[in-house]
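Asks: quick one: sequence plus predicted model below, questions after.
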There are 2 protein chains.
Amino acid sequence: MLTFFLEKHNKTPLYEQLYQEIKQNIINNELKADEKLPSKRKLAQHLKVSVITVENAYHQLIAEGYIKSKPKSGFFVLPLIDLMPPQRNTFQQAVIEKVEKDHFLIDFRTNLVDTDYFPYDKMAKIEKEVIQYEYKHKLNDTNHLGDDGLRLQISKLLFEYRGISAKPESIVIGSGSENLIALLVMLLGRDKVYGVEEPGYLKNYQLYQNYGASSKTFRIEKEGINTDLLTQIDVVHITPSHQFPLGIVMPISKRIELLNWVNEDQKRYIIEDDYDSEFRFSGKPIPALKSLDHMNKVIYLNSFSKSIAPSYRVSFMVLPDYLMNRFNQQFSHLICSVPIVTQLTLERFIRDHAYEKHLSRMKNIYKLKRDILIDHLKRANFKSKISIKGEESGLHFLLDISTKLDIDELIDRAKQKNVRLYGIHEYYLNKHDESQRKTLVMGYSHMNEKQLKKAVELLESAWKDI
Amino acid sequence: MLTFFLEKHNKTPLYEQLYQEIKQNIINNELKADEKLPSKRKLAQHLKVSVITVENAYHQLIAEGYIKSKPKSGFFVLPLIDLMPPQRNTFQQAVIEKVEKDHFLIDFRTNLVDTDYFPYDKMAKIEKEVIQYEYKHKLNDTNHLGDDGLRLQISKLLFEYRGISAKPESIVIGSGSENLIALLVMLLGRDKVYGVEEPGYLKNYQLYQNYGASSKTFRIEKEGINTDLLTQIDVVHITPSHQFPLGIVMPISKRIELLNWVNEDQKRYIIEDDYDSEFRFSGKPIPALKSLDHMNKVIYLNSFSKSIAPSYRVSFMVLPDYLMNRFNQQFSHLICSVPIVTQLTLERFIRDHAYEKHLSRMKNIYKLKRDILIDHLKRANFKSKISIKGEESGLHFLLDISTKLDIDELIDRAKQKNVRLYGIHEYYLNKHDESQRKTLVMGYSHMNEKQLKKAVELLESAWKDI
């Protein structure tokens, strides 16, 4: 008879100990296929445990497929195919290599926000109330477009700030532009060629390929986009309000040129990426390209990554009606990827005007930071070597440097002083004359006054003799 | 000289009125290309407004590209390509068709949760504290894997509940399994053929194709998976703990058979979708297939959609080390798609044992609901015609009906009594003998005691004479 030592005072239940022991016997082939196990009553007597204990152990072994019960004849071990001997390959011995991210005292990255002035208390209060009073009714809500209320608020913002008339039912909410680009590739087709600006946000160039479509880059010239360069491109992904990273505002003539281009061929589309249009520091906002789109060929894309935080993961897009119909027909089984609590909280945050207040406050703060940084740069010992471009809008500007040193040397010297700089060449896929310009892309939004001062001091010592 | 009527008491600023008027004149071709505009001072005098007003209007027109300033000679209208006449095509007149979703008094859908017993107050308290005290330090966190703390907590849950030893650095967090499947297709390749169970969760069949890969279904037989049917499949996506929707637990011999299959070819992988393993009502949980995976060929996938809510949008996967290295190398520029507040809150929710408590409470509640529903069914006037399967685990079971009516008739009759039922055939891609079985998939988790009773009463009247 099976004999096991079961520990009564162990915190693992007796039935589980028994199940483990029998299972191990089967795996080790000590209990062989078709062997009959003792009856529940007999084994219980033998091991001095209750019948229930044996019953539970047998039940678990049946559930997992180690034994089976034959009515009126008892319990039998099932045949177990031997696990094949391990095929040693290099894969198995892999260990996870640490992903070390560089850390610098000063980092001019462009994708960060200020963390000092976020309305934490207001957001916390709203989020708490949403969970207490609204969440219950939405726990099972899995709309593919996102929450109706949030889409209404976004539609109002678009009208007020961007001159776009978009019905709430034309808006799709997603968790970041990566998510919306995935949906767009599904919707417009993997057979299209997606064009991405160069210089530009090259992650998108990669992203279209990751999702199974083709992508190409097209050059942005000094005057902005040149539609003659859009050969073999079907869908053009552009940043007309504030070209990233050059900072060019697409002039009206180029906008019209581009709208003409898109209307020449039915399969062409424009994706207008309005990533930091909230932050224009002088005059009124430049109207969105979408507001001129009488042909319904512009898909408008934006997110709360700059106005709230990159970790916030809420983006949205406006689809032309016929594309929205296709989206509803083909993809209504998908679930909007933003947690409903986040959506409900953002809805209240906008409806209560807290978003508007935050935005206008941040606009002033970022303008001040920009002014402080530019002021320090213009007084620095290298002031005669620099010129600043694209500073009227957005959370970065360009710093041109006239020096005999090459751009890598400028960046390296700064690194040695614990300052991380980014050259314009990082935004080019291919080497061009343009990409070799001695131009730095300066993101300053996350730094405070003291850090901005320190940054320029460190650059002064790094660039003493440029 | 340009003459406009500007309204001083309008809430639109004077400069903006002036800008609008000049812009309209350019668009209407009343101001022609290369025409010189009056100087700022002259126009200001003429219109009886300040020079600043004219300056701001000109500045905005320059920014948008309607005019340009030539040093020392003044402001000139830029040439404007005419907008092409609208090409009338059927697309433009589209209106958005309403997506009407059916609504029934009773709905046996399988993807809903109970909303009465969620710990709203606890979650609200944690979320509020997280925003007040932790958020500031994480606002700019954009790790591609998700928050370190949350991955640690998930790693602990996996060890305790599923017998899986997974380091936190092997875990990737994403917003729903749609999101993780997108990442897996990028990681394993679009050149692979992804196999999905039939019957099964056919959304995934579509999803792999949406992401640009091929997918095939393979039949699940009465005994479960049969690896002989996995011809031409490279990556098999399965639900071994509780086959969806059949409810079969994959027995140990089939698990070994499948592990042998995957080890035969280097390009093969298993995706173990453990979607509702938390809810096993008798005995201990069935160990995950991943816990037997000595070859590192199993990718484990799960979410909080059943244990928290489908609108919660937090999923995770465990990658074998060599795949994680590849993921880190190729995709570290991506940003985890779950908002950081949600991640930090869930981390605390698990760490404070609130998740564990909620899970064990819901297990009892769902068990009770299952018992009540089965009890009602077994007393119903059609009790002699039914048998119940797969009820030991998960939040649905199968209801087999022996009747001369066909399955569509059964479902239609229920519909007329305001009850929505789902036949097993909805989970088949192709018609088979099996798919024509008179079997219903019964999800009950969202209904309360009263609704469960009402549901069976309505079915009694719908099925009076089956």
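Replies: Received the coordinates, thanks.
Asks: can I assume residue A:317 sits in a strand?
Replies: Yes: judged by DSSP: H, G, I helix; E, B strand; the rest coil, residue A:317 forms part of a strand.
Asks: against residue A:146, how distant is it?
Replies: To residue A:146, residue A:317 is 10 Å away according to CB to CB, to the nearest Å. Any C-beta I mention is one placed from the backbone N, CA and C, and that applies to glycine too.
Asks: give the residues shared as contacts by those two.
Replies: Residues touching both residue A:317 and residue A:146 by CB atoms under 8 Å, 6 or more residues apart in numbering or on different chains: A:171-172, A:174.
Asks: residue A:36 and chain B, how far apart?
Replies: Between residue A:36 and chain B the computed distance is 18 Å (CB to the nearest CB, to the nearest Å).
Asks: so what sits opposite that residue in the bridge?
Replies: Residues in a beta bridge with residue A:36, per DSSP bridges, are residue A:76.
Asks: can you give me the neighbour number for the closest residue to residue A:425 other than its chain neighbours?
Replies: Nearest-residue entry for residue A:425: residue A:435, 4.6 Å, with adjacent residues in sequence omitted and distances by CB to CB, 6 or more residues apart in numbering or on different chains. Residue A:435 is flanked by 19 other residues according to other CB atoms under 10 Å in any protein chain shown.
Asks: my guess is residue A:435 meets residue A:199, correct?
Replies: Yes: counting by CB atoms under 8 Å, residue A:435 does reach residue A:199; the two are 7.0 Å apart.
Asks: any shared contact partners between the two?
Replies: Joint contacts of residue A:435 and residue A:199 (CB under 8 Å, 6+ apart) are A:424, A:428.
Asks: quick one: residue A:101 from residue A:447, how far?
Replies: 18 Å.
Asks: the more surrounded of these two?
Replies: Each of residue A:101 and residue A:447 has its neighbours counted (other CB under 10 Å); residue A:447 has more, 20 against 7.
Asks: now name the helix or strand holding that one.
Replies: Using DSSP states H and E, residue A:447 sits within no helix or strand.
Asks: tell me the contacts of it?
Replies: Applying CB under 8 Å, 6+ apart to residue A:447 gives the contacts A:106, A:369, A:373, A:455.
Asks: out of those, list just those in helices.
Replies: A:369, A:373, A:455 (DSSP state H).
Asks: excluding its backbone neighbours, what's nearest residue A:338?
Replies: Counting by CB to CB, 6+ apart, the nearest residue to residue A:338 once its immediate chain neighbours are dropped is residue A:175, at 5.0 Å.
Asks: can you get me a residue count around residue A:456?
Replies: Count around residue A:456 with other CB under 10 Å applied: 22.
Asks: so it is in contact with residue A:378, correct?
Replies: No: using CB under 8 Å, residue A:456 is not in contact with residue A:378; the gap is 9.7 Å.
Asks: can you pull out the helices in the stretch 351-466 of chain A?
Replies: A:354-379, A:407-416, A:449-462 (DSSP state H, counting those that start in this stretch).
Asks: need the ones you listed in JSON lines with mean pLDDT, can you?
Replies: As requested, the helices of the stretch 351-466 of chain A are exported to JSON lines (pLDDT from 0 to 100):
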{"stretch": "helix A:354-379", "mean pLDDT": "96"}
{"stretch": "helix A:407-416", "mean pLDDT": "96"}
{"stretch": "helix A:449-462", "mean pLDDT": "97"}
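Asks: my read is that residue A:248 contacts residue A:224, right?
Replies: Yes: if you go by CB under 8 Å, residue A:248 and residue A:224 touch, sitting 5.0 Å apart.
Asks: may I see the buried residues of the helix or strand harbouring residue A:160?
Replies: For residue A:160, the enclosing helix or strand under DSSP H and E is helix A:148-162. Buried residues in helix A:148-162, counted by 16 or more other CB atoms under 10 Å in any protein chain shown: A:149-155, A:157-158, A:161-162.
Asks: after it, which helix or strand is next?
Replies: In N-to-C order, the element after helix A:148-162 by DSSP H and E is strand A:171-174.
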